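Asker: Coordinates for the following, if possible.
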Amino acid sequence: MKHYAWVLEVRPGYEQEYKKRHDEIWPEMVEMLQESGLRNYNIFRHGLTLFGYFETDDLKKSIKHIVASDVNKKWGKYMSDILKVDIDTLASVEVIEQAFGHVRLHESIKASYAIQLVHENVNINGILSKIDFDCNF
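Answerer: Numbering: from 1, shown residues only. Modelled structure (predicted):
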């Protein structure tokens, strides 16, 4: 699986409308994107700049599916008044290199809390003595 990205811009003054339209994304659009083979599709906004990120096993197949989709054509028209589009977004998709791996930053906190809860609420020595396990914790 490869990582891909695209960059676009929202027209000035339409930032909240862009968010609203995506908060209300059409279920058929989501379904079509899933059917295209895209995974982990996210769009981030910084000021007017949009950064789209997704993963797929076959970019050409995914783009072919999206371009052929009527719902994508309708979505494109629906979004065209609030986006600054100087290039074809799908033609500008690029492979991106992962510079930093996925790190579960909160896992150690969760594990520490789970251990604390066990120590506070479970009589481990009592349980072990019931099964004739001779150990003192």
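Asker: Mean pLDDT per helix and strand in the protein: which one sits at the bottom?
Answerer: Taking mean pLDDT, DSSP states H and E as the measure, the chain has strand 94-95 as its least confident helix or strand, at a mean of 61.
Asker: tell me which residues of stretch 22-35 are tucked away?
Answerer: Going by neighbour count (16 or more other CB atoms under 10 Å), the buried part of stretch 22-35 is M29, M32, L33. For glycine as for every other residue, the C-beta is placed from the backbone atoms N, C-alpha and C.
Asker: so the last one makes contact with Y41?
Answerer: Yes. Taking contacts as CB atoms under 8 Å, L33 lies within contact range of Y41: 6.1 Å.
Asker: what domains does the record give for the protein?
Answerer: 2-95, 105-137 (automatic domain parsing).
Asker: Can you say which of those is packed in most?
Answerer: Counting by mean count of other CB atoms under 10 Å, domain 2-95 has the highest mean neighbour count of those, with a mean of 14.
Asker: how distant is that domain from the center of its chain?
Answerer: Relative to its chain's centre, domain 2-95 lies at 13 Å (CA atoms, centre = their mean, to the nearest Å).
Asker: in this protein, what spans have low per-residue confidence?
Answerer: 86-111, 113-114, 124, 127-130, 132-137 (pLDDT under 70).
Asker: give me that answer again for 90
Answerer: 1-8, 52, 84-137 (pLDDT under 90).
Asker: Please enumerate the helices of the chain.
Answerer: 15-23, 27-35, 59-68, 70-79, 107-121, 124-130 (DSSP state H).
Asker: Of all those helices, which one is nearest Y4?
Answerer: Closest to Y4 of these, according to CB to CB: helix 59-68, at 6.3 Å.
Asker: Just want the angle from the closest one to helix 70-79.
Answerer: 70 degrees (axes from the mean of the first three to the mean of the last three CA atoms, to 10 degrees).
Asker: Just the CA atoms of helix 59-68, as PDB, please.
Answerer: Listed next in PDB are the C-alpha coordinates belonging to helix 59-68 (Å, rounded to 0.1, in the frame of the first residue of the first chain):
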ATOM      1  CA  LEU A  59      -3.800   4.500  -7.700                       C
ATOM      2  CA  LYS A  60      -4.700   4.100 -11.400                       C
ATOM      3  CA  LYS A  61      -7.700   1.900 -10.600                       C
ATOM      4  CA  SER A  62      -8.900   4.200  -7.800                       C
ATOM      5  CA  ILE A  63      -8.700   7.300 -10.000                       C
ATOM      6  CA  LYS A  64     -10.400   5.500 -12.900                       C
ATOM      7  CA  HIS A  65     -13.300   4.600 -10.500                       C
ATOM      8  CA  ILE A  66     -13.600   8.100  -9.100                       C
ATOM      9  CA  VAL A  67     -13.500   9.900 -12.500                       C
ATOM     10  CA  ALA A  68     -16.200   7.600 -13.900                       C
END
